[in-house]
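In: what follows is a predicted structure for the sequence shown.
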Amino acid sequence: MTPEAAAAARPRVEGDREQEILDAALEVLAEHGYDRLTMDAVAQRAKASKATLYRRWNSKAKLVVESLARMKTTPEELPDTGDLRTDLMTAFCGMGGLTDHDTTSTFGAVITAVTTDPEFAAEFRTQVVGPKSQVSRTLFERARDRGELRADIDLDIIVPALSGIVLHRVFVLGERPDAALIERAIDQIILPAVRPQV
């Protein structure tokens, strides 16, 4: 039997064991960043063999992206209060939002990889950024359908604006985001930009 066939015949990593490995990857990522994370370090932290990891994830990029994608980073249900401001505050504050330290610190741990590792960047944009962006887009689309937005608003520009403002303040200015910052950004920048002119 060839080594490839033998590896394929072994059981796939699933369930609790899979989650333990993903959690170990997040821990190593938080401690060392993406660039210094190795499959060896994750295997050691998870008390698994490197072969076990490679049976399930054929690259560091795929392992890290799946770990990030599985983090609890979006609410179980999208807020739908009938008011864009309230929906944005609910979605962007708290667990998985921009005020969640785990969310912003893991983003910081991978930010350089987004610009230096094309495989990681593609996977990260598809599996992590894409779903988060869709949450925001849905909130703005609902607001548009209720008549809260100007007819000419460009959702491709406005949807990532709140995250961009806050992440700039985190990574460039060194601030720690809180609900008051999110509220100021919504009230002073986002809502004036999107509301119909009176």
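Out: That came through fine.
In: what residue ranges in the protein score low on pLDDT?
Out: For the chain, the stretches with pLDDT under 70 are 1-14, 72-76, 95.
In: find the residue at the geometric middle of it.
Out: Taking CA atoms, centre = their mean, the centroid of the chain lies closest to Val128, which sits 4.4 Å from it.
In: looking at the chain, which helix is longest?
Out: In the chain, assigned by DSSP state H, the helix with the most residues is helix 15-36.
In: residues of it that come out buried?
Out: Using 16 or more other CB atoms under 10 Å as the test for burial, helix 15-36 gives Glu18, Ile21, Leu22, Asp23, Ala24, Ala25, Leu26, Glu27, Val28, Leu29, Tyr34. Where C-beta positions appear, they are placed from N, C-alpha and C, glycine not excepted.
In: pull the distance from that helix to the chain's centre.
Out: The gap between where helix 15-36 is centred and where its chain is centred comes out at 15 Å by CA atoms, centre = their mean, to the nearest Å.
In: so how far is the helix or strand that comes right after that helix off the chain centroid?
Out: Once helix 15-36 ends, the next helix or strand along the chain (criterion: DSSP states H and E) is helix 39-46. The gap between where helix 39-46 is centred and where its chain is centred comes out at 22 Å by CA atoms, centre = their mean.
In: please identify the helix or strand for the residue nearest to Thr90 when sequence neighbours are not counted.
Out: Sequence neighbours aside, Pro79 is the residue nearest to Thr90 in space, at 3.9 Å (criterion: CB to CB, 6 or more residues apart in numbering). For Pro79, there is no host helix or strand (DSSP H and E).
In: ok, Gly94 next?
Out: Per DSSP H and E: Gly94 is located in neither a helix nor a strand.
In: now the one 4 residues further on
Out: With secondary structure defined by DSSP H and E, Leu98 is part of neither a helix nor a strand.
In: wait, what's in contact with the closest residue in space to it that isn't next to it in sequence?
Out: Spatially, and ignoring its direct neighbours in sequence, Leu98 is nearest to Val166 (4.6 Å; CB to CB, 6+ apart). Residues in contact with Val166 (CB atoms under 8 Å, 6 or more residues apart in numbering) are Phe92, Leu98, Pro177, Leu181, Ile182, Ala185.
In: swap in Leu149?
Out: Applying CB under 8 Å, 6+ apart to Leu149 gives the contacts Leu84, Phe140, Ala143, Val194, Arg195, Pro196.
In: quick one on the thing from earlier: the nearest residue to the residue nearest to the centre of the chain once chain neighbours are set aside in helix, strand or coil?
Out: Nearest residue to Val128, sequence neighbours excluded (CB to CB, 6+ apart): Leu68, at 4.9 Å. Secondary structure state of Leu68, per DSSP: H, G, I helix; E, B strand; the rest coil, is helix.
In: buried set for stretch 184-195?
Out: Buried-residue list, stretch 184-195, by 16+ other CB under 10 Å: Ala185, Ile186, Ile190, Leu191, Val194.
In: oh, that last question was meant for stretch 143-156, not what I typed.
Out: Neighbour-count burial for stretch 143-156, counted by 16+ other CB under 10 Å, picks out Ala143, Arg144, Glu148, Leu149, Ile153.
In: with that, I have no additional questions.
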